[in-house]
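Q: Pasted the sequence and its predicted model underneath.
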Amino acid sequence: MIRAVVRGMWRTLASAPLCRRVLPPAAGRVRLLMLASVTAFASLALAFGQPGSGQQVSGGPVVVFDVDGVIGFTAVDHLEKSVARARAENASLIVMRIDTPGGLVSSTREMIQTILASPIPIVGYVAPSGARAASAGTYLMYASHLAAMAPATHLGAATPIQIGAPGTTPPSSPAPESDKKDQPAQPGAAERKLLNDAIAYLRGLAELRGRNADWAERAVREGATLTATQAVKENVVEFIAPDLRELLAAADGRTVTTSAGSVTLATRDRRIIELEPTWQMQALQVIADPNVAFILLLIGVYGILFELLNPGTLFPGVIGGISLVLGLTALTVLPVNLGGLALLLLGLALMAGEAFSPGFGVLGLGGIVAFIFGGLFLFDPGQVDIDFSVSRPLVIGAAIASAAIVIGVIGMAFGSRRRQVRTGAEQLIGSIGEVVEWSGHAGRVHVHGEIWSARSGTELSPGDRVRISGLDGLTLTVKQAS
C-alpha cells in the first residue's frame, strides 16, 4: 500500500501543471531535487512504517537449547549464546526446552531479562514427557513469548523456599489453644516481603504475556501446580506439543510481541538447529553442585595436609591442589555464605593443628564442631528457590572421618610416648647378636651389622647367639640367648 501511495505522489509531482509552470525545463535540477526528497521520504516510510502491524519473520531456522537441571550461571550463559547464535542465523524462533526443579534467583532474573530483550521470539517448552518446570522454571515459562508443554509434564510450585520455614502467629491476634494445632504458621515480616515480591514479579510477567495472573499468584502463595492439560485450560500455556515438529506447526501463524515489535511466526517445517552446551559448561555444571564443591574442598585441604606431613610424596599434594582450585572455582559461582565458609575453614585449621601438635583434643573437638556448622551453613538459602545445600549425611560423614583421623593421630602420639626409645645406642638393648670370637668372659659379637666388644658372666663359643642386656661405654653386656 505504501509503495502505491509513493508511486502516485511521484507521478502527480512529475506531471503537475504547477511544476511545469514554476519549474520550466531550465529548472530541471530543482525538479529532480524535489523528486529526490519525495523518494527519501518514501524510503523512510517503507523502513519504519507499520512497526506494530504483525510483520512476518524471516524464513530462518529454529534454534533449540536445553535448560536442564538446577538453574545457575551456566544456564544464563547457554541462553545468551543461544540468542546470539539465533541472531547470527537470522532464526525465526528460539525454543527453550525446560526440565528443572528451580535454581538461583539471580540467574533466573538474568535469564528473564534476556528473554524480554530478545528480538527473536522464545518459546518455553517443558519437555520431554516427565519433565517439569518447577519454581524458577515457572517464571521462565511466564516470561517466554509462547509457552508449551509436552504430555505428562507439569509446572508450578513457585513458592520461595524460605517461606516454607515455620513462623509464629502475630501476638496481636492469638489463636485459641485448641485451634493452634490446626492453623498454619504465619510468616514474619521478612517472609511476607519476600512472598509479595515474588507474587508481584510473576503477576507482572503474566500480565505482559496475557496469561492467567491469578493462578500465577496461587503458584507462589500456595505452591500450586498444573499438569499440561490443566495448564492449557487455565491459560497458563498456549498449547500442548508432543515433539518439536508439532510445536513448530502449532506456533505457526501466531502473533507475539518482542522487543523489536509485533511478530507473526512462520515456523512450520523450518530447519532445526540443536545447540549443545560446551564441555566447559558441562564441567562447571558438575562442580557447581554443592555436594561436589564440598567434597572437592575436603580433598584439596586433606591432600595438602598429607603432603605437609609427608614431604616429597607429591601425589597427595598434586591431587589436593587441583581439587582445591576446582572447589574454589565452584564457590565463585555458587551463593556462598561467608560465615559458613569461615567456620568450615576454621574447623579444618583446628583439626590440622590438633594433628600437627597433639594435645588434650580441645583443638580437634572444636574443629569438628566448627566443621559441621560450616558445612551446614556453607551456602546461602536466601539466593535460591529450592533446597540448595550440602547434604547433611555428607557433612556428618565427613566430620566423622575427620574426627577419626584426629583421634588416630592423637592415639599414635600417646602410643609413641609409652614406647621404649628405639634410637641411638639404646636400640641395642634386647637385640640378638652372634659371637664372633670369645675368650674366657670377654670377646666380640656381631649385632646390627657391626662388631662390638662384649663381656658375659658365662663362657661362650664363636657362633653362639646372644642377647644384649646392657651397655657400658662401648662394651656390651650379653648373655646367651635361649
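A: Nice, thanks for sending it over.
Q: Would you mind measuring from residue 78 to residue 90?
A: Taken as C-beta to C-beta, to the nearest Å, the spacing of residue 78 relative to residue 90 amounts to 20 Å. Where you see a C-beta, it was placed from the backbone N, CA and C, and this is true even at glycine.
Q: As a check, name the ranges of all strands in the stretch 351-482 of the chain.
A: 432-439, 442-447, 450-455, 465-472, 475-480 (DSSP state E, counting those that start in this stretch).
Q: Which one, of those, ends up nearest to residue 153?
A: When these are compared by C-beta to C-beta, strand 432-439 sits nearest residue 153, at 79.6 Å.
Q: ok, that closest one: who's next to it in the sheet?
A: Using DSSP bridges, the strands paired with strand 432-439 are strand 442-447 (antiparallel), strand 465-472 (antiparallel).
Q: Please save the CA atoms from that strand in PDB.
A: These are the backbone C-alpha positions of strand 432-439, laid out as PDB (Å, rounded to 0.1, in the frame of the first residue of the first chain):
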ATOM      1  CA  ILE A 432      70.100 -60.600  69.300                       C
ATOM      2  CA  GLY A 433      73.700 -60.900  68.200                       C
ATOM      3  CA  GLU A 434      76.200 -63.600  67.300                       C
ATOM      4  CA  VAL A 435      79.600 -64.400  68.900                       C
ATOM      5  CA  VAL A 436      82.500 -63.800  66.500                       C
ATOM      6  CA  GLU A 437      85.300 -64.700  68.900                       C
ATOM      7  CA  TRP A 438      85.400 -65.400  72.600                       C
ATOM      8  CA  SER A 439      88.000 -66.000  75.300                       C
END
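Q: orientation of that strand relative to strand 450-455 in degrees?
A: Using axes from the mean of the first three to the mean of the last three C-alpha atoms, to 10 degrees, the interaxial angle of strand 432-439 with respect to strand 450-455 works out to 60 degrees.
Q: Just want the angle from strand 432-439 to strand 475-480.
A: 100 degrees.
Q: in strand 432-439, what's buried?
A: Neighbour-count burial for strand 432-439 flags 433, 435, 438 (criterion: 16 or more other C-beta atoms under 10 Å).
Q: Dump those residues to CSV, plus pLDDT and distance to residue 315.
A: Putting the buried residues of strand 432-439 into CSV (pLDDT from 0 to 100; distance: C-beta to C-beta, whole Å) gives the following:
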residue, pLDDT, distance to residue 315
433, 90, 40
435, 91, 47
438, 89, 51
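Q: What is the nearest of those to residue 467?
A: The shortest distance between residue 467 and any of the buried residues of strand 432-439, using C-beta to C-beta, involves residue 433 and amounts to 7.7 Å.
Q: could you measure the closest one against residue 455, distance?
A: Counting by C-beta to C-beta, the gap from residue 433 to residue 455 is 13 Å.
Q: Common neighbours of those two, please.
A: Each of 476, 478 lies in contact with both residue 433 and residue 455 under the rule C-beta atoms under 8 Å, 6 or more residues apart in numbering.
Q: With residue 192 as the reference, measure out to residue 143.
A: Noted for residue 143: a distance of 24 Å to residue 192, by C-beta to C-beta.
Q: More neighbours: those two, which one.
A: Comparing residue 143 with residue 192 by neighbour count (other C-beta atoms under 10 Å), the higher total belongs to residue 143, at 26 against 13.
Q: How about residue 127, nearest residue that isn't a chain neighbour?
A: Beyond its immediate neighbours in the sequence, the residue positioned closest to residue 127 (C-beta to C-beta, 6 or more residues apart in numbering) is residue 150, lying 4.0 Å away.
Q: For the one you found, give me its contacts.
A: Residue 150 sits in contact with 125-129, 131, 228, 240-243, where contact means C-beta under 8 Å, 6+ apart.
Q: run the last query once more with 7 Å
A: When contacts are counted by C-beta atoms under 7 Å, 6 or more residues apart in numbering, residue 150 is found next to 126-129, 131, 228, 241-242.
Q: Could you give the average pLDDT over stretch 280-297?
A: For stretch 280-297, mean pLDDT rounds to 82.
Q: mind listing what's buried in that stretch?
A: Along stretch 280-297, the positions that meet the burial threshold by neighbour count (16+ other C-beta under 10 Å) are 281, 284-285, 287-290, 292-297.
Q: for the stretch 151-300 of the chain, what are the low-confidence residue spans?
A: Counting by pLDDT under 70, the stretch 151-300 of the chain contains low-confidence ranges at 161-188.
Q: Ramachandran angles for the residue nearest to residue 127?
A: In this entry, residue 150 is assigned phi and psi values of phi -80, psi 160 (degrees, to the nearest 10).
Q: nearest residue to residue 324 other than its sequence neighbours?
A: Leaving out its chain neighbours, the residue that sits closest to residue 324 by C-beta to C-beta, 6+ apart is residue 300, at 2.6 Å.
Q: Could you report the distance from the one you found to residue 472?
A: 55 Å.
Q: who's more crowded, these two?
A: Using other C-beta under 10 Å as the criterion, residue 300 and residue 472 rank with residue 300 on top: 21 against 9.
Q: For the strand or helix carrying that one, which outside residues touch it?
A: With the criterion set as DSSP states H and E, the secondary-structure element containing residue 300 is helix 290-309. Under the criterion C-beta under 7 Å, 6+ apart, residues 286-287, 313, 316-317, 319-321, 323-324, 326-327, 330-331, 334, 348, 352, 375, 378-379, 388-391, 394, 398 lie in contact with helix 290-309.
Q: quick revisit: compare residue 78 and residue 90 (neighbour count), which wins?
A: Taking residue 78 and residue 90 together and counting by other C-beta under 10 Å, residue 78 has the greater number of neighbours (22 against 12).
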